[in-house]
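Enquirer: pasting the structure only:
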């Protein structure tokens, strides 16, 4: 299927409620299991540990017993780039067109067979959402049995990242076409694996262009400001870089929202 | 045409321009990346029709409903089952990783017998005959009481079969793991005189005080608690967490009360005192309780908030505030059981916490504690015992402990119209204690246990003082393991009859005791056996048949399936069709009685092992949902999610406050030596502000010795059904065998230190269970 700009344009986005997230790791494993993410004997060097969905632990830096922590799940932000025109940081630097912007979905793709491993995109990504295959993936004997045919296993020398479970979108789109409602994928029909697995219900996924979808209701994206949330409790990571991510975070806690960007002293609140 | 300089250059430049403007360079880069990436070893998974099959996950007692996604009949993913009453689509990371347990080549792939330090592959018939022969031999010698079995649980028909086997052979030595469930059961019997387990209606409670229970660390039925916890905001419910450390549960709670470890019971009684002195208790409910006046006097004298504040470190005002909020809540609930609740803990700590529930009377009501009488849902045919069995069955179990179990005296049973003022009458009951068993073995020169069967348990890893447990297991002449994995206990076994994984077998499942719902479920096999393993129920039936005589006739079934159908009885059809039967809890017909006399003579919880002078710090084991710390070890996926401040390379990191680190003279990332009265370990330091100074926390679930099991001799020829594993099983050439590849699990084996090796056992005189909750320790820079 080629890019279809004539149909309805979706803008898929994710909202993560950081007050609900318990850091349990279900989203990470659901993602690994869904997307054939490999594993190594030692995964404690987090710089080379491939986790499309990663969870960061933030602390408020206060001493005992004033300490507070917050877990922050971080998938690919699926940036729209400056002006939300699809010039996301990684796409702008890719010399091989191995990563591209889906104007019909808002999803940043990653085509493994086109990638020749220059890793410019990793340097460009401000969220460390991209990972490089330093080694060929190796499954213990017999464990290849559980690999899914919907996502190709990668090989040494390519970059990979979260795709918002694009194959699930394709399946939902195929189903919609088949049922002759080609521009109408229902909210529940396309959900990412992490959203589905989260036992705390902290992740919401849907179409930001559709005001009926829960994601839009939660963050109230401002279309005149490239989707900046109008909900004061919602924020995007490094908002001021103008990467215009499609992943939003919600927290009642001010220190958590403040951790979303590099504010200088006295800058917060302006 | 004559080629002159001019036309040559023209052609050359034209060609260059043409190539550049054509898509060829781009096509070539693209193609070259494709060509250089098409390696034959990159797997290309087969496609096919997608189907889903539902079953129950039994990796932990939470028992979530799962949907196994299959492509062309091949299981590729596990998802939570929508609409299942426990988890409604949610799932934890271990459940999702289920297929890594299934296809794991480090599983025990066929029956094996150990001779010396070498494992030898045997057929199922040989393995069964070997075990049955030993049993027969012991029975002939009149030593049937030297047979013992350790099982993860006593619930369900598979555990029932193992227990039945022991009984029919003539042994009372059936042991189960000591968890908080047991503590609650004993407590319910002591306070209410009921033979019941405790369930907690967390999802409907508007005010929960948890004394160290790690709701979101995996306590009780983990996913169900995740769901209840995250709906708290919408329900306007509050969670107060009493814990010495900012655990994930404490961080998620509305109020965090960092009481010193070991003073949780004091704090609970302090809150009781504030409730009583503020006249906030449910007078209607406690008016008939036995010894309420004495209890009130006792807590007001010894546990007034002012006094408790000193021991716990919590403000008086805060204690009073929580007491008042708790008492005024519509359905307040107090919960005990540290971390995941997989240790028994102190009975009196549970009692102090449950006193709060008794004061508010929120028992057997929505949002409260439920006393659920355990009904035997399985109907077993009567069992035959010959003289040998009857004679040795009369003997007490090895490592027997006396504990008080209570029943209700006459008047309450008379019904709701009689006066409910009643005491529970105590009687001493002797039961088999797992902790005492291993102590007894280590204490005697010759092991009183001649044959130990281990089913669905890994005592050499999960019990406190794990090294001593290993020593005890090593002393037992014949150890039979039914484990699917080369776990810490199976490694010490003499014969392994490998069981199916949960995805390969069918069994009946009783819901987790702490879940406020009755669910009976039937799991089913969703994958064909990957290796030459057997259903553990099938294995024990085969052994019983081979023992012959009355033991064999007590196991009349042809297969486990037949046994399952017969013991489930009428419900079998419904269960096979629906997968589960769920019902709401019902309150007992008689009004509940409360007996506070238990508190007479309460002197605080059992103290920590070790003296303060040489061990100035307190070492606490901590739970995290990302690490499996019970019978099964973590999967490669789960280990991948573990933070580098918990595990770094092969080192465990211990958590301590920067203030503690300053005193000890270590800084973040340093290697340190941690010493307790029981053992020592080299660890690294992780500084965390959220832990109380003076306390050191160490994660549970690391330090498995799965790898390096030595040599395996492969039986010639057939016997292997595992398709991939077969190629890498070692072969014997000229009597020399080489180390076996697939049986080494390097993804979890050898990573970190098992905290249970640093903590000793402390038997609680009140319950007879292991009550150790930490240990004194010291740390020095290494």
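Expert: The structure has been received and is ready for your questions. Just so we're clear, the structure is a prediction, and the values are computed from it rather than from any experiment. Numbering: from 1, shown residues only, chains lettered A, B, ... in the order given.
Enquirer: Going by C-alpha atoms from here, please, whenever you check contacts or count neighbours.
Expert: Fine.
Enquirer: buried set for stretch A:142-149?
Expert: The neighbour-count check on stretch A:142-149 (16 or more other C-alpha atoms under 10 Å in any protein chain shown) flags A:142-149 as buried.
Enquirer: and if you look at stretch B:274-290?
Expert: For stretch B:274-290, by 16+ other C-alpha under 10 Å, it's B:274-276, B:280-282, B:285-286, B:288-290.
Enquirer: Just to be sure, which of the buried residues of stretch A:142-149 are found in strands?
Expert: Using DSSP state E, no member of the buried residues of stretch A:142-149 sits in strands.
Enquirer: Flag the least confident of the buried residues of stretch B:274-290.
Expert: Within the buried residues of stretch B:274-290, residue B:288 has the lowest pLDDT, namely 82.
Enquirer: now that residue, what's its secondary structure?
Expert: coil (DSSP: H, G, I helix; E, B strand; the rest coil).
Enquirer: Return the per-residue confidence for residue B:66.
Expert: pLDDT, residue B:66: 97.
Enquirer: Tell me how many other residues crowd residue 122.
Expert: Because you didn't say which chain, this covers chain A. By other C-alpha atoms under 10 Å in any protein chain shown, the residues close to residue A:122 number 22.
Enquirer: if you could check chain B rather than the one you did, that'd help
Expert: 21.
Enquirer: quick one: contacts for it?
Expert: Neighbour list for residue B:122: B:110-113, B:715 [criterion: C-alpha atoms under 8 Å, 6 or more residues apart in numbering or on different chains].
Enquirer: will you turn the residues you listed into CSV that also has pLDDT?
Expert: As requested, the contacts of residue B:122 are exported to CSV (pLDDT from 0 to 100):
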residue, pLDDT
B:110, 90
B:111, 93
B:112, 91
B:113, 91
B:715, 48
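Enquirer: Of those residues, just the buried ones, PyMOL syntax please.
Expert: Burial among those is assessed by 16+ other C-alpha under 10 Å; the matching PyMOL selection reads:
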select buried, chain B and resi 110+111+112+113+715
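Enquirer: Just to be sure, which of the contacts of residue B:122 are found in helices?
Expert: The members of those all map outside helices under DSSP state H.
Enquirer: what stretches of chain A score poorly on pLDDT?
Expert: Low-confidence regions of chain A, defined by pLDDT under 70, span residues A:1-7, A:269-270.
Enquirer: for chain B, that is, sorry about that
Expert: Residue ranges of chain B with pLDDT under 70: B:1, B:403-427, B:706-743.
Enquirer: Find the centremost residue of it, please.
Expert: By C-alpha atoms, centre = their mean, chain B has its centre lying nearest to residue B:630, at 3.9 Å.
Enquirer: just the strands in the stretch 601-750 of chain B please.
Expert: Ranges of strands in the stretch 601-750 of chain B, per DSSP state E, counting those that start in this stretch, are B:617-622, B:647-648, B:651-656, B:671-675, B:680-687, B:695-699, B:711-713, B:732-733, B:736-737.
Enquirer: Which positions in the stretch 151-270 of chain A make contact with chain B?
Expert: By C-alpha under 8 Å from any C-alpha of the partner chain, the residues of the stretch 151-270 of chain A that approach chain B are A:152-156, A:196-202.
Enquirer: run the last query once more with 6 Å
Expert: Residues of the stretch 151-270 of chain A lying close to chain B (C-alpha under 6 Å from any C-alpha of the partner chain) are A:197, A:199-200.
Enquirer: One more: the stretch 1-150 of chain A?
Expert: Residues of the stretch 1-150 of chain A lying near chain B (C-alpha under 6 Å from any C-alpha): A:20, A:24, A:26, A:29, A:41, A:43-44, A:63-64, A:67, A:113-114, A:116, A:142-143, A:146-149.
Enquirer: and these, which of them are in helices?
Expert: Those of the residues of the stretch 1-150 of chain A next to chain B mapping onto helices are A:26, A:29, per DSSP H.
Enquirer: ok so, going back, could you pick out which of the buried residues of stretch B:274-290 are near chain A?
Expert: Counting by C-alpha under 6 Å from any C-alpha, no member of the buried residues of stretch B:274-290 reaches chain A.
Enquirer: and which of those residues is nearest to chain A?
Expert: Closest to chain A out of those is residue B:274 (23.5 Å), distances taken as C-alpha to the nearest C-alpha.
Enquirer: Can you tell me the element the closest one falls in?
Expert: Using DSSP states H and E, residue B:274 sits within helix B:264-277.
Enquirer: Quick check on residue 222: phi, psi?
Expert: No chain was given, so I picked chain A. Dihedral pair for residue A:222: phi -90, psi 110, per degrees, to the nearest 10.
Enquirer: oops, I was thinking of chain B
Expert: Per-residue torsions, residue B:222: phi -50, psi -50 (degrees, to the nearest 10).
Enquirer: Let me know how buried the residue nearest to it when sequence neighbours are not counted is, in neighbour terms.
Expert: Distances taken as C-alpha to C-alpha, 6 or more residues apart in numbering or on different chains place residue B:62 nearest to residue B:222, at 6.1 Å, with adjacent residues excluded. Burial measure for residue B:62: 25 neighbouring residues, criterion other C-alpha under 10 Å.
Enquirer: What of residue A:154?
Expert: 21.
Enquirer: gap between the closest residue to it other than its chain neighbours and residue A:156?
Expert: Once flanking residues are discounted, residue A:154 sits nearest to residue A:112: 6.8 Å by C-alpha to C-alpha, 6+ apart. Relative to residue A:156, residue A:112 is positioned 10 Å away (C-alpha to C-alpha, to the nearest Å).
Enquirer: what sits in contact with each of the two?
Expert: Shared contacts of residue A:112 and residue A:156 (C-alpha atoms under 6 Å, 6 or more residues apart in numbering or on different chains): none.
Enquirer: Show me which positions of the longest helix along chain A end up buried.
Expert: Assignment by DSSP H gives helix A:166-178 as the longest helix of chain A. Buried residues in helix A:166-178, counted by 16+ other C-alpha under 10 Å: A:166-169, A:172-173, A:176.
Enquirer: Could you point out which of the strands of the stretch 601-750 of chain B sits nearest chain A?
Expert: strand B:647-648 (5.3 Å).
Enquirer: ok, residues contacting that closest one?
Expert: Contacts to strand B:647-648, defined as C-alpha under 6 Å, 6+ apart, come from residues A:44, B:653.
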